[in-house]
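Enquirer: sharing a sequence plus its predicted fold:
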Amino acid sequence: QVQLQESGPGLVKPSQTLSLTCTVSGGSITTNYYYWSWIRQAPGKGLEWMGAIAYSGSLYDSPSLKSRTSISRDTAKNQFTLQLSSVTPEDSAVYYCASGPSAMDYWGKGTLVPVSS
């Protein structure tokens, strides 16, 4: 069973870059046909898919966030990361990492990231 754990700063100031790491256990991020996603949910809003990295290393971006997001991976550490630049208070949300053949079969518990000065 794949398990995912998000980790990050807890609080980010406006205009800064938000950086999150997802640590994977119970499986490898190079497992064939698995996709590794970042998803967020702002207060009172629905889930928003932010992007993903495939088992092969291929990247998939959300058109609405593409200019501000960067997803990468560290196969040695079995981790993948999200960077979101130029954040505003509207980027305050619970951030989740997820994975699986559909990219959303397994989920982390999520981490709340407020954006505030």
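Expert: Sure thing, it's come through. Numbering: from 1, shown residues only.

Enquirer: host element of the spatially most central residue of the chain?
Expert: In the chain, the residue lying closest to the centroid (Cα atoms, centre = their mean) is residue 38, at 2.9 Å. Using DSSP states H and E, residue 38 sits in strand 35-41.

Enquirer: try residue 50
Expert: In this structure, residue 50 is located in strand 47-54 according to DSSP H and E.

Enquirer: for that strand, packing partners?
Expert: strand 35-41, strand 59-61, strand 69-74, strand 79-84 (3 or more Cβ pairs under 8 Å, 6 or more residues apart in numbering; DSSP states H and E). Every C-beta, even on glycine, is put in place using the N, C-alpha and C of the backbone.

Enquirer: give the buried residues for the first one.
Expert: Of the residues in strand 35-41, those buried under the neighbour-count criterion (16 or more other Cβ atoms under 10 Å) are 35, 36, 37, 38, 39, 40.

Enquirer: next one: stretch 4-16
Expert: Applying 16+ other Cβ under 10 Å to stretch 4-16 flags 4, 6, 8, 12 as buried.

Enquirer: next one: that stretch to chain centre, how far?
Expert: 11 Å (Cα atoms, centre = their mean, to the nearest Å).

Enquirer: return that stretch as PDB; C-alpha atoms alone will do.
Expert: This file holds the C-alpha atoms of stretch 4-16, laid out as PDB (Å, rounded to 0.1, in the frame of the first residue of the first chain):
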ATOM      1  CA  LEU A   4       2.300   9.600   1.100                       C
ATOM      2  CA  GLN A   5       3.200  12.300   3.600                       C
ATOM      3  CA  GLU A   6       3.300  16.000   2.800                       C
ATOM      4  CA  SER A   7       5.800  18.300   4.500                       C
ATOM      5  CA  GLY A   8       6.300  22.000   4.200                       C
ATOM      6  CA  PRO A   9       6.900  25.400   5.800                       C
ATOM      7  CA  GLY A  10       3.500  25.900   7.500                       C
ATOM      8  CA  LEU A  11       3.300  29.600   6.700                       C
ATOM      9  CA  VAL A  12       4.400  31.500   3.600                       C
ATOM     10  CA  LYS A  13       4.400  35.300   3.000                       C
ATOM     11  CA  PRO A  14       2.900  36.900  -0.100                       C
ATOM     12  CA  SER A  15       5.300  37.000  -3.100                       C
ATOM     13  CA  GLN A  16       7.400  34.200  -1.700                       C
END
